[in-house]
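Asks: could you look at this predicted model? Sequence included:
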Amino acid sequence: MKKRELEAWELEECIALKRAVDAFNEGKPRKDRVSQTQLADALGINQGSVSAYLNGVNALNAKVASIIAGMIGIPVEQFSPRLANEISSMAAAVQPPAGSRRYQDDLYESAPAEQRADVDDIAEKLLKLSPEQARKLKQAMDLLIPDDGSAKD
């Protein structure tokens, strides 16, 4: 079965992302550039698949767009307002209703010092996370283990 050709707007998104990656790499020494292999590793795909996205063989999706945009430090909206809206909608859908529960930082601060120390130790030493990454881990743990103690699948 022959693969479908991309719509013009899909191709434009791919081209815009490729230009953004090229602009990110322009003038940088090789060691500081982001390669298709690095992008592939971050996406969990092979280099050929990254090439297919950047060259307009495969249409971009939210996962590919967000990971590549994050690696080159630009907002998804810069090359795909459509995918930026899709990502925003997905993020809004997973947010708990306002006032339905306390924020993770409140839970963390109210936890006994020994438990906070354990979480900090895991985040900072065992996983070698930066303070920002550790904060995100703490937030993710709160989402997985809500106030009532029931774990989410």
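Replies: That came through fine. Only a predicted model underlies this, so the values are computations on that prediction, with no experimental measurement involved. Residues are numbered from 1 along each chain as shown.

Asks: check what pLDDT the residue nearest to Glu7 when sequence neighbours are not counted gets.
Replies: Closest residue to Glu7 apart from its sequence neighbours, by Cβ to Cβ, 6 or more residues apart in numbering: Ala59 at 7.9 Å. (C-beta placed from N, C-alpha, C; glycine too.) Each residue has a pLDDT score; the one for Ala59 is 97.

Asks: which residues touch Ala59?
Replies: Residues in contact with Ala59 (Cβ atoms under 8 Å, 6 or more residues apart in numbering) are 6-7, 10, 13-14.

Asks: by mean pLDDT, point me to the weakest helix or strand of this structure.
Replies: helix 104-110 (a mean of 65; mean pLDDT, DSSP states H and E).

Asks: rewinding a little: between which two of the contacts of Ala59 is the distance greatest?
Replies: Glu7 and Cys14 (10.9 Å; Cβ to Cβ).

Asks: how does this protein divide into domains?
Replies: Domain ranges of the chain: 8-94, 104-144, per automatic domain parsing.

Asks: ranking those by mean pLDDT, which is last?
Replies: Averaging pLDDT over each of the domains of the chain puts domain 104-144 lowest, since it has a mean of 67.

Asks: just the helices in this protein please.
Replies: For the chain, the helices defined by DSSP state H cover 8-25, 36-43, 47-54, 62-72, 81-94, 104-110, 113-121, 131-144.

Asks: ok, and what's touching the second one?
Replies: Contacts made with helix 36-43 from outside it, assessed by Cβ under 8 Å, 6+ apart, are listed as 21, 46-47, 49-51, 54, 63-64, 67-68, 71.

Asks: sort out which of the residues you listed are buried, if you could.
Replies: Buried by 16 or more other Cβ atoms under 10 Å: 21, 49-50, 54, 64, 68, out of the contacts of helix 36-43.

Asks: just give me the closest of these to Ala117.
Replies: Using Cβ to Cβ, these come closest to Ala117 at Ile68, 36.9 Å.
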